[in-house]
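1. Here is my input; please provide its structure:
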Amino acid sequence: AFRPTIPHCSMATLIGLCIRVKLLRSLPRRFKVTVKINPGTHASEQAVNRQLDDKERVCAALENTHLLGVVNKCIREGMNSS
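-> The predicted structure is shown next:
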């Protein structure tokens, strides 16, 4: 679970997608990855969680080359800022 920066954060789905992709790439396939927003921390908590839980939506998002580039950049720059 993660906490978005503000209750109306427009990037919450993208942040969740980045976290999900990073975990999927880092963990062995035998692990089930579930990414959710901490309860009560976002105005659209249920909608964002539903999108992040939908495997078909996640796969469709990652087929979009622009969005995949944004996710890869987010993961790469997040690792470099540590």
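
2. Please count neighbours and contacts with C-alpha atoms only from this point.
-> Fine.

3. Disregarding residues adjacent in the polypeptide, which is nearest to Val48?
-> Thr13 (5.8 Å; CA to CA, 6 or more residues apart in numbering).

4. per-residue pLDDT, that neighbour?
-> Listed pLDDT for Thr13 reads 94.

5. so what's the backbone phi/psi at the residue of the chain most remote from its centre?
-> Residue farthest from the centre of the chain, counting by CA atoms, centre = their mean, is Arg30 at 19.4 Å. Here is the backbone geometry of Arg30 (degrees, to the nearest 10): phi -70, psi -10.

6. Next, find the distance separating Leu14 from Thr41.
-> Leu14 is 16 Å from Thr41, where distance means CA to CA, to the nearest Å.

7. quick revisit: does the residue nearest to Val48 touch Leu52 like I think?
-> Yes - using CA atoms under 8 Å, Thr13 is in contact with Leu52, at 7.2 Å.

8. Quickly list what's touching both of those two.
-> Residues touching both Thr13 and Leu52 (CA atoms under 8 Å, 6 or more residues apart in numbering): there are none.

9. can you give me the helices in the chain?
-> In the chain, the helices defined using DSSP state H lie at 12-26, 45-53, 55-63, 65-80.

10. If you average pLDDT over each of those, which is lowest?
-> helix 65-80 (a mean of 90).

11. Pull out the buried positions in that one.
-> Across helix 65-80, burial judged by 16 or more other CA atoms under 10 Å covers Leu68, Val71, Cys74, Ile75.

12. Which member of these is positioned nearest Gln46?
-> Val71 (21.8 Å; CA to CA).

13. Am I right that that closest one is in contact with Leu17?
-> Yes - between Val71 and Leu17 there is a contact under CA under 8 Å: 7.5 Å.

14. Can you get me a residue count around Asn49?
-> Close neighbours of Asn49, defined as other CA atoms under 10 Å, add up to 19.

15. Now it. Nearest residue, chain neighbours left out?
-> Lys36 (5.3 Å).

16. Now stretch 6-23: buried residues?
-> Under 16+ other CA under 10 Å, the buried positions of stretch 6-23 are Ala12, Thr13, Leu14, Ile15, Gly16, Leu17, Cys18, Ile19, Arg20, Val21, Lys22, Leu23.
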